[in-house]
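S.K.: Sequence first, predicted coordinates after that:
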Amino acid sequence: QVQLVQSGGGLVQPGGSLRLSCEASGSRFSINAMAWYRQVPGKQRDLVARITSGGTASYANSVEDRFAISRDNAKKTVYLQMNSLKPEDTAVYYCNIETLIYTGTGTIHRTYWGQGTQVTVSS
């Protein structure tokens with residue numbers, strides 16, 4: 001079993017910055033891609049940024065050039081640095097990791113979600 005713990009988030013003024021973190025823990029697993037999603041009430045959860053195991057990052061058009069995703073494989077942690085925040089960035093942000101679980105007889109792919117953290121951009 002894998003657990004994810006998110007930290008960061010909160011209230012920030014437009015133009016400000018925030019950093020989100022998401023740490024994975026557990027045993028007998030490896031991490032492939034890691035990602036951040038966000039969701040506003042009444043809407044679907046949308047992909048914000050994703051980083052592969054090799055470190056290749058991709059972003060939603062709405063956050064490109066403002067957000068940066070990174071990962072620390074030794075700490076099993078993914079980060080999202082958010083700069084030049086806008087009111088429309090207000091949402092609950094979720095981390096997501098794709099894992100390979102080592103069972104007694106082989107391996108299985110499994111995806112996990114963090115608990116979510118509120119980001120509010122308002123003056």
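M.R.: Cool, got the structure.
S.K.: Would you map the strands across this protein?
M.R.: 2-7, 10-12, 18-26, 29-39, 46-51, 57-59, 67-72, 77-82, 91-102, 107-113, 117-121 (DSSP state E).
S.K.: Ranking the ones you listed by mean neighbour count, which comes first?
M.R.: Among those, judged by mean count of other CB atoms under 10 Å, the one packed with the most neighbours on average is strand 77-82 (a mean of 23). In this view, the C-beta of every residue, glycine as well, is placed from N, C-alpha and C.
S.K.: Let me know the angle separating it from strand 18-26.
M.R.: Using axes from the mean of the first three to the mean of the last three CA atoms, to 10 degrees, the direction of strand 77-82 lies 170 degrees away from that of strand 18-26.
S.K.: Could you list the residues in contact with strand 77-82?
M.R.: Here strand 77-82 makes contact (CB atoms under 8 Å, 6 or more residues apart in numbering) with 8, 17-24, 34-36, 48-49, 51, 63, 66-72, 89, 93, 95, 97, 119.
S.K.: rewinding a little: let me have the strands of the chain in TSV, extended by mean pLDDT.
M.R.: Shown next, in TSV, are these (pLDDT from 0 to 100):
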stretch	mean pLDDT
strand 2-7	96
strand 10-12	98
strand 18-26	97
strand 29-39	97
strand 46-51	98
strand 57-59	98
strand 67-72	98
strand 77-82	98
strand 91-102	97
strand 107-113	95
strand 117-121	98
